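# only geometry, no sequence info:
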């Protein structure tokens, strides 16, 4: 591969381009971590692309785990970055295989067949589509195929038509707009069309409109115009986008916003767990009433930005919702902090600590578990939702490790993986759709399947990795999300 193509692939995979900053966090253990994680993800590869336990398949309406484009895109970008750095491996074939799988999922209107968010079967999450389009732009660069560009444009246009309102989304969710901006930058880097850069900047300004500019949480970014919660993993997803916008546009406001956001994220570190606190939720005696009024105003046609401004003026404090702490999902925030460190050198010690803490969670089979404290009680053994290793979030760890190895050790040969499958793990049953439970159950995973069963061998659910076929009792078909509200936790305690 010539230098020109290598540089282009690196930029499309990593549009913030802060390679020197990222390389400073490299450790000799990272290549082994990457090899082991790659080996774990291999066990979830199906004929239709990367499968795995994701947070949305768990429904009575779904009998198989379908390949999900949100699994695939970070996987493809990490592989593209490794290819650009000359790291030996089957990376080009991986990118092309997953790209073909994404193409097979495109509906006539450009939306994704499997691109649901929190409701299986309904493509209600534009971030899924924009992620898939970004993956296809990377594939177009890797393969030099105009077909992948064409299909990437179909997806991007489909989601813009369905969910876009000018330079923002109908629901105003900031991290999803940030993903839209990154995808638009990837297209700009692929084709050099200045209109894409201009659009990306407008999208970035929509994200900035949700940033807190004063008070104890300065730098944080609201979930969106219609929600004031500060969820760490979603706040953190905006950081890399802001750095990429700064790198490609040169506009200082994006760097200033990224600096403030980075300082907030470091302050949001959950010290007892070594990663980020789950969320901060707005509080105040008047706030609940103001939120209801703002919702009524919005439904009556008042601009959502006006309703949000009124609602946010009534925030007089914040409730800390510490758990569950996301493990694998924290990697996107850490990747952004690594890139930011060149501009904010004082955060480097904290970022080193976060990165070390994250990688310490890697299991013997190479995967990274879901959460800490999903059941909300740290004095008890973990619930099963803590110990599963969803591919949907592990691919972001793969992308982070690919960045670290590529930036610091181009052309290196990765060591052979060394993995082993752990014994059956005793966990708590946690909460299912019929209420709170607290019985001991058994979680087991090997190269072919993952399952949860009772002590006497009764099957609660089982997933066949290659085929995606599932067996589950209906009571056990609930979302595998990594974040829950204080209200939801309270309902579970009362159940």
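Structure received. No experiment lies behind these values; they were computed from the predicted model shown.
# for residue 165, what are its contacts?
By CB atoms under 8 Å, 6 or more residues apart in numbering, no residues touch residue 165. No exception for glycine: its C-beta is placed from N, CA and C like everyone else's.
# contacts for whichever helix or strand residue 290 is part of?
Using DSSP states H and E, the element containing residue 290 is helix 287-299. Residues outside helix 287-299 that contact it (CB under 8 Å, 6+ apart) are 226, 228, 304, 306, 307, 308, 310, 311, 313, 314, 315, 316.
# tell me the least confident of those residues?
The lowest pLDDT within those belongs to residue 304, which sits at 85.
# tell me the contacts of it?
172, 225, 226, 298.
# report how many residues lie close to the last one.
One way to gauge burial is a neighbour count; for residue 298, by other CB atoms under 10 Å, it gives 18.
# flag every buried residue along stretch 443-455.
Residues of stretch 443-455 classed as buried: 443, 445, 450, 451, 452, 453 (neighbour count, 16 or more other CB atoms under 10 Å).
# next one: stretch 355-369
Buried, per 16+ other CB under 10 Å, within stretch 355-369: 355, 357, 358, 359, 361, 362, 363, 365, 366, 367, 368, 369.
# surely the last one touches residue 361?
Right, the one you point to is residue 369. Yes - counting by CB atoms under 8 Å, residue 361 is a contact partner of residue 369 at 6.0 Å.
# list residues touching both of these two?
residue 327.
# and the closest residue to residue 322 other than its chain neighbours, how close does it get to residue 88?
Excluding the flanking residues, the one nearest residue 322 by CB to CB, 6 or more residues apart in numbering is residue 277, at 5.3 Å. Distance check for residue 277 against residue 88: by CB to CB, to the nearest Å, it reads 40 Å.
# re earlier: for the contacts of helix 287-299, which two are the farthest from each other?
For those, the farthest-apart pair by CB to CB is 304 and 316; their separation is 22.0 Å.
# where does the chain dip in pLDDT?
53-67, 116-124, 270-272, 377, 430-437, 474-495 (pLDDT under 70).
# what kind of secondary structure is residue 461 in?
strand (DSSP: H, G, I helix; E, B strand; the rest coil).
# go ahead and confirm it touches residue 452.
Yes - contact status for residue 461 versus residue 452: in contact at 5.3 Å, counting by CB under 8 Å.
# picking up where we left off before, now render the buried residues of stretch 355-369 as JSON lines, adding secondary structure and distance to residue 148.
Output for the buried residues of stretch 355-369, formatted as JSON lines (DSSP: H, G, I helix; E, B strand; the rest coil; distance: CB to CB, whole Å):
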{"residue": "355", "secondary structure": "helix", "distance to residue 148": "32"}
{"residue": "357", "secondary structure": "helix", "distance to residue 148": "37"}
{"residue": "358", "secondary structure": "helix", "distance to residue 148": "32"}
{"residue": "359", "secondary structure": "helix", "distance to residue 148": "32"}
{"residue": "361", "secondary structure": "coil", "distance to residue 148": "34"}
{"residue": "362", "secondary structure": "coil", "distance to residue 148": "32"}
{"residue": "363", "secondary structure": "coil", "distance to residue 148": "34"}
{"residue": "365", "secondary structure": "coil", "distance to residue 148": "32"}
{"residue": "366", "secondary structure": "coil", "distance to residue 148": "29"}
{"residue": "367", "secondary structure": "coil", "distance to residue 148": "29"}
{"residue": "368", "secondary structure": "coil", "distance to residue 148": "29"}
{"residue": "369", "secondary structure": "coil", "distance to residue 148": "33"}
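# from those residues, which two are the most distant?
355 and 365 (20.8 Å).
# helices of the stretch 151-300 of the chain, start to end?
174-191, 194-208, 232-249, 252-267, 287-299 (DSSP state H, counting those that start in this stretch).
# buried sites along the first one?
Meaning helix 174-191. Quick answer for helix 174-191 (16+ other CB under 10 Å): 174-190.
# show me what contacts the spatially closest residue to residue 242 that is not a sequence neighbour?
When the adjacent residues along the chain are set aside, residue 242 lies closest to residue 258, with 4.0 Å between them (CB to CB, 6+ apart). Residue 258 makes contacts with 239, 242, 243, 246, 336, 340, 343, as judged by CB under 8 Å, 6+ apart.
# distance of the third one relative to residue 68?
As for residue 243, its distance to residue 68 is 27 Å (criterion: CB to CB).
# more neighbours: which of those two?
Taking other CB under 10 Å, residue 243 and residue 68 do not tie; residue 243 has more neighbours (29 against 26).
# so who does the more buried one touch?
Residue 243 neighbours (CB under 8 Å, 6+ apart): 16, 18, 254, 255, 258, 336, 339, 340.
# and these as TSV, adding distance to residue 265?
As requested, those are exported to TSV (distance: CB to CB, whole Å):
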residue	distance to residue 265
16	15
18	16
254	16
255	15
258	10
336	8
339	12
340	9
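# out of the residues you listed, who's nearest residue 43?
residue 336 (28.6 Å).
# can you tell me how far the closest one is from residue 13?
In terms of CB to CB, residue 336 sits 15 Å off from residue 13.
# still on that earlier bit, buried among the contacts of helix 287-299? Need that as a selection in ChimeraX.
Of those, the buried ones go into a single ChimeraX selection, burial set by 16+ other CB under 10 Å:
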select :226,228,304,307,308,311,314,315
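# where exactly do the strands run in the stretch 51-200 of the chain?
164-165, 168-169 (DSSP state E, counting those that start in this stretch).
# most tightly surrounded among those?
Of the strands of the stretch 51-200 of the chain, the one with the most neighbours on average (mean count of other CB atoms under 10 Å) is strand 168-169, at a mean of 24.
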